Each structure stands twice: as structure tokens, then as C-alpha cells.
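Visitor: Below are the sequence and a predicted model; questions follow.
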Amino acid sequence: MECLIVTAHPLANSLCASLASHAHKFLESANHHVILEDLYQDSFQPALTEAERDSYYSDQFDYKAIEKQVENLQAADAIVLVFPTWWFGFPAIMKGWFDRVWGPGIAYDHTENFGPIKARLLNLKHMLAITTYGVPWWIDYLVMRRPTRRILKTALLGACAPHCKFDILSAYKCEDLSEADVNRLQDRISKVLKGWHS
């Protein structure tokens with residue numbers, strides 16, 4: 001399969017970077033073709049540009065500045081997202097990747113009278129989100145009701161990739177994780193990725 005890994009952490013020695021590397025190696029060892037987009041390393045600009053916003057409802061969305069990212073998204077059969085959850089949301093750089101790359105004519109089409117959008121990522125079969133939290137699990141589940149999961153599963157994939165199977169693996173209280181905890185998380189990642197097939 002064509003697999004796209006998108007990472008969003010400013011530190012090269014972070015837990016997120018380590019988990020992304022594990023996923024990358026596992027997918028390559030399973031003979032998938034893998035493209036890695038490290039948004040910080042690539043200096044991805046998250047803010048929607050004037051040209052992009054001006055063309056948002058035109059006949060052709062202007063994505064010249066992000067052509068490579070659009071190509072990678074449209075070609076992907078599977079996506080792995082690796083990011084820290086900050087303030088119960090995405091890092092700004094990853095939110096910007098959704099804002100700019102998952103645009104009209106790319107991830108979806110506008111419909112007449114601006115009704116419900118029409119999905120375009122019909123070839124996307126799998127998405128795994130791997131994220132880290134500083135809080136314990138119960139705050140995400142019981143207090144916040146898992147906002148990151150809801151946005152990815154319902155708002156993004158539900159609207160743009162309705163045939164995509166979604167999984168999320170969350171590392172809570174990540175500052176306190178032991179080596180054994182990290183190894184167990186890597187095993188969970190491997191188990192999800194092992195189930196991927198075209």
C-alpha cells in the first residue's frame with residue numbers, strides 16, 4: 001500500500017519521533033511504500049494563505065504552494081498521524097495541515113447551495129492516530145469526551161473518507177512512561193499496522 005506518515009513535534013528526540021520511527025520501520029518491513037512528512041522539519045506553514053482562502057469556493061482551489069502534500073494525501077491508501085495533544089487539540093502545525101491540504105477539490109467537493117460536502121478520499125482505507133498526553137486517561141475520556149478522536153473520526157474521515165477504518169492509540173501521562181510502557185505502546189502500534197492490507 002501507499003502509506004503516508006505525518007508527524008508534528010518540534011523535538012527530534014521526542015516520544016512522538018520515536019513512535020513515528022517505529023511505525024515507519026514496521027510498514028517498510030511489511031513491504032509497503034512509505035512517505036514521511038515531518039511538518040516541523042519540512043517547515044510547513046500552517047496558515048491558510050490569501051490565495052488559498054480567496055479560491056476556497058471558486059471552481060479551482062489554489063493549492064500550488066502545497067502541491068506535493070496534496071499529491072501525497074491523494075495517493076495514500078493509509079495514513080499514520082503522530083502528534084502530541086496540546087490543550088486537548090492538535091498542534092497548530094498539524095491543524096494547519098488539515099486546513100490547507102484537506103481542501104476543496106482535494107479531500108472533498110462543495111455541493112450546491114453549500115450543503116453537506118461530498119467525499120473525495122474514497123481510496124483511503126486506514127488511518128492510525130498516535131498521540132501523547134500529559135494528563136491521565138480519565139480526563140480525556142470522562143471530562144473532555146475524547147475531542148481529538150471525535151474530530152478525526154467524525155469530522156474529517158466521516159466527511160472526506162467514509163470507507164476509512166480508524167484507530168487511535170493514546171499515551172497518557174507520557175512524561176511518566178517507563179521503557180516497558182513505551183515497548184507495550186510500540187507493540188500496540190505494530191498490532192494495528194499488521195492488520196492493514198490493501
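Guide: That came through fine.
Visitor: Let me see the contact set for the residue most central in space within the chain.
Guide: Closest residue to the average C-alpha location of the chain: L81 at 3.6 Å, with C-alpha atoms, centre = their mean. By C-beta atoms under 8 Å, 6 or more residues apart in numbering, the contact list for L81 reads 5-8, 94, 127-131, 152. Every residue, glycine included, has its C-beta placed from N, CA and C.
Visitor: And it, how close does it get to P147?
Guide: Distance, L81 to P147, by C-beta to C-beta, to the nearest Å: 15 Å.
Visitor: Kindly report the same for H22.
Guide: Applying C-beta to C-beta to H22 and P147 gives a distance of 26 Å.
Visitor: More neighbours: these two, which one.
Guide: When H22 and P147 are compared for neighbours, H22 comes out ahead with 20 against 14, by other C-beta atoms under 10 Å.
Visitor: What pLDDT does the model give that one?
Guide: Looking at H22, its pLDDT is 97.
Visitor: Contact partners for it?
Guide: 186, 189-190.
Visitor: repeat that with 7 Å
Guide: Neighbouring residues of H22 by C-beta atoms under 7 Å, 6 or more residues apart in numbering: 186, 189.
Visitor: so is it in a helix, a strand, or just coil?
Guide: Recorded secondary structure, H22: helix (DSSP: H, G, I helix; E, B strand; the rest coil).
Visitor: quick one: the residue of the chain most remote from its centre and A159, what's the gap?
Guide: In the chain, the greatest distance from the average C-alpha position (C-alpha atoms, centre = their mean) is reached by N113, at 29.3 Å. From N113 over to A159 the distance is 17 Å, taken as C-beta to C-beta.
Visitor: Surely P84 touches T132?
Guide: Yes - P84 lies in contact with T132 (C-beta atoms under 7 Å); the separation is 4.8 Å.
Visitor: Residues that sit against both of those two, list them.
Guide: C16.
Visitor: Which of these two has more residues huddled nearby?
Guide: Taking other C-beta under 10 Å, P84 and T132 do not tie; T132 has more neighbours (23 against 20).
Visitor: Return the residue spatially closest to the more buried one, with its sequence-adjacent residues excluded.
Guide: In this structure, T132 finds its nearest non-sequential neighbour in C174, 4.1 Å apart by C-beta to C-beta, 6 or more residues apart in numbering.
Visitor: so what's the one you found up against?
Guide: Contact analysis of C174 by C-beta under 7 Å, 6+ apart lists 15, 132-134.
Visitor: Mind checking which of these are in helices?
Guide: Using DSSP state H, the subset of the contacts of C174 located in helices is L15.
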